[in-house]
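I need the structure of the sequence given here:
(one chain, ligands or ions: 1)
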Amino acid sequence: MPDFATSASSSAGYRPETRLVHAGTLRSQFAETSEALFLTQGFVYDSAEQCEARFKGEDSGFLYSRFSNPNVTMFERRMIELEGAQAARATATGMAAVTTAVLAPLRAGDHVVAAKAMFGSCRYVVEDLLPRYGISSTLVDGLDLDQWKRAMRPNTKSCFLESPTNPTLEVLDIGAIAQIAHAAGARLIVDNVFATPIWQSPLELGADVVVYSATKHIDGQGRCLGGIILASEAFIAEHIHTFLRQTGPSMSPFNAWILLKGLETLAIRVRAQTETAAAIADALAQHPKISRLIYPGRADHPQAALAKKQMRAGSTLVGFEIKGGKPAAFRALNALKLARISNNLGDAKSLVTHPSTTTHQRLTPEARAELGISEGFVRFSAGLEHRDDLIEDLQRALEKA
Ligand SMILES: *Cc1c(COP(=O)(O)O)cnc(C)c1O
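Numbering: from 1, shown residues only. All right, here's what the predicted structure looks like:
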């Protein structure tokens, strides 16, 4: 790894918005303004001796882009400074980050506890994949701290949660769950996609590992996939570094470059999208076609006090249940002109999702009901359009519901 003290700008001491623009930049000999794109598989060496030293780890520098690359390193450094982590590794997708963070530190005989309300693929990893390798898992109602406590076993090594949850936007108590995990000798891994690094810092709240799908707000303009794992130097060195190098779910340099540029505008985008989501939530809360609306920034959110305590602001997402189930929800979705039907989120374009037929379609109807994902439930991801255009679009569409 190159020496960042001399070759990269450190933004230690600056506020998050400043770090997002400057942290981790590695300038080449041409002193370019914008970060250069290092689209290369490998690197060449001045001598066989230098090559040997680099493989031994005695010479800093890049070896091969499966291990590291200047663009990937810049992206990792910028995220480290934003999140306040000691170390990070970027991955090809958010799911590569989740799978690696959950699976890599474990072995047969270990046990994992996770909140049942989570992204469909994360639930697959915990519920279906881990047990195939002899790692048992228990799913709990993430809001119920007693369930977390009761689920802990002597062999519990990791706890996993998302907050706010996907798609029902429940807010889980990261600090309290971290204490329960630590008392049992386990670590807490938090998927912070829905909160974004702008509004929530799980490491400060007591979590040990934070994962992101950078595909969402960090890109924010729908272009490429990516993920990242942030934690202590010790966790990354012991559990993640070798696993990623040897198994290869690496982030492409091109995607790292896009995501790095995405970070420059992350704070202003997330702030604008959150203001829009809050305005939409307020505009629709009393709508006659809506039976339930959930938004972490509103006083009527079931965990409003906790949301206020652990998040710096609400969310770019709003959830609501349209009266009349799937037919009514589909009529409303099909009547939208501006917001587009998608399973994605965090984009500059507003996106609307019907979780029970898409992201959570894999679950049984009972499991969906348990999570509050009814047939009429819709998840709205606020984009960067004018909020009044979006509210008018939603109101027009709801008339068709
Ligand atoms: C999208 C998402 C993921 C997976 O990310 P990909 O980049 O699509 O692999 C994981 N967790 C949450 C909460 C997500 O929204």
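
Let me see the confidence value for the closest residue to the ligand within the stretch 51-200 of the chain.
The nearest approach of the stretch 51-200 of the chain to the ligand comes at residue 94, 2.3 Å away (C-beta to the nearest ligand atom). In short, each C-beta sits where N, CA and C put it, glycine included. pLDDT recorded at residue 94 is 98.

How far away from the center of its chain is the helix or strand harbouring residue 131?
Here residue 131 sits within helix 130-132, counting by DSSP states H and E. Centre-to-centre, helix 130-132 and its host chain are 23 Å apart (C-alpha atoms, centre = their mean, to the nearest Å).

now what about it, what contacts it?
Applying C-beta atoms under 8 Å, 6 or more residues apart in numbering, the external contacts of helix 130-132 come out as 102, 103, 106, 112, 136, 137.

Swap in 10 Å and give it another go.
For helix 130-132, contacts defined as C-beta atoms under 10 Å, 6 or more residues apart in numbering pick out 99, 102-103, 106, 108, 110-112, 114, 124, 136-137, 158.

so the residue of the stretch 51-200 of the chain closest to the ligand touches residue 217, yeah?
No. Using C-beta atoms under 10 Å as the test, residue 94 is too far from residue 217 to be in contact (11.3 Å).

Please enumerate the shared neighbours of those two.
Common neighbours of residue 94 and residue 217, using C-beta under 10 Å, 6+ apart, are residue 193.

what number of residues lie near residue 355?
Residues within reach of residue 355, counting by other C-beta atoms under 10 Å, total 23.

and what of residue 326?
The criterion is other C-beta under 10 Å. On that basis, residue 326 has 15 neighbouring residues.

host element of it?
helix 325-335.

Apart from its neighbours in sequence, what residue is nearest the residue of the stretch 201-350 of the chain found nearest the ligand?
Nearest residue of the stretch 201-350 of the chain to the ligand (C-beta to the nearest ligand atom) works out as residue 213 at 2.9 Å. In this structure, residue 213 finds its nearest non-sequential neighbour in residue 94, 2.3 Å apart by C-beta to C-beta, 6 or more residues apart in numbering.

Next up, the contacts around that neighbour.
Counting by C-beta under 10 Å, 6+ apart, the residues that residue 94 touches are 119, 121-122, 191, 193, 211-216, 218, 225-228.

If you rank the residues you listed by neighbours, which is first?
Going by other C-beta under 10 Å, residue 214 tops the contacts of residue 94 with 31 neighbours.

so it makes contact with residue 90?
Yes. Residue 214 lies in contact with residue 90 (C-beta under 10 Å); the separation is 7.6 Å.

shared neighbours of these two, anything?
With C-beta under 10 Å, 6+ apart, residue 214 and residue 90 have common neighbours 75, 79, 97, 226, 227, 228, 251, 255, 256, 259.

check which helix or strand covers the second one.
It stands for residue 79. Using DSSP H and E, the element containing residue 79 is helix 70-83.

What's the first helix or strand after that helix?
Using DSSP H and E, the helix or strand that follows helix 70-83 in sequence is strand 87-91.

Could you export that next one as PDB, CA atoms only?
Output in PDB follows, covering the C-alpha atoms of strand 87-91 (Å, rounded to 0.1, in the frame of the first residue of the first chain):
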ATOM      1  CA  ALA A  87      -9.700   0.000   7.900                       C
ATOM      2  CA  ALA A  88     -11.900  -1.100   5.000                       C
ATOM      3  CA  ARG A  89     -12.100  -3.300   2.000                       C
ATOM      4  CA  ALA A  90     -14.200  -2.700  -1.100                       C
ATOM      5  CA  THR A  91     -16.100  -5.500  -2.800                       C
END
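
next one: whichever helix or strand comes after it to chain centre, how far?
Tracing the chain C-terminally past strand 87-91 and defining elements by DSSP H and E, one meets helix 94-103 next. Centroid separation for helix 94-103 versus its chain: 11 Å, with C-alpha atoms, centre = their mean.

got the CA positions of the helix holding residue 79 in PDB?
This file holds the C-alpha atoms of helix 70-83, laid out as PDB (Å, rounded to 0.1, in the frame of the first residue of the first chain):
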ATOM      1  CA  PRO A  70      -5.200   3.000  -6.700                       C
ATOM      2  CA  ASN A  71      -8.900   3.700  -7.500                       C
ATOM      3  CA  VAL A  72     -10.100   1.100  -5.100                       C
ATOM      4  CA  THR A  73      -7.700   2.300  -2.400                       C
ATOM      5  CA  MET A  74      -8.900   5.900  -2.900                       C
ATOM      6  CA  PHE A  75     -12.500   4.800  -2.500                       C
ATOM      7  CA  GLU A  76     -11.600   2.800   0.700                       C
ATOM      8  CA  ARG A  77      -9.600   5.700   2.200                       C
ATOM      9  CA  ARG A  78     -12.400   8.200   1.500                       C
ATOM     10  CA  MET A  79     -15.000   5.800   3.100                       C
ATOM     11  CA  ILE A  80     -12.600   5.200   6.100                       C
ATOM     12  CA  GLU A  81     -12.400   8.900   6.800                       C
ATOM     13  CA  LEU A  82     -16.100   9.400   6.400                       C
ATOM     14  CA  GLU A  83     -17.100   6.500   8.600                       C
END
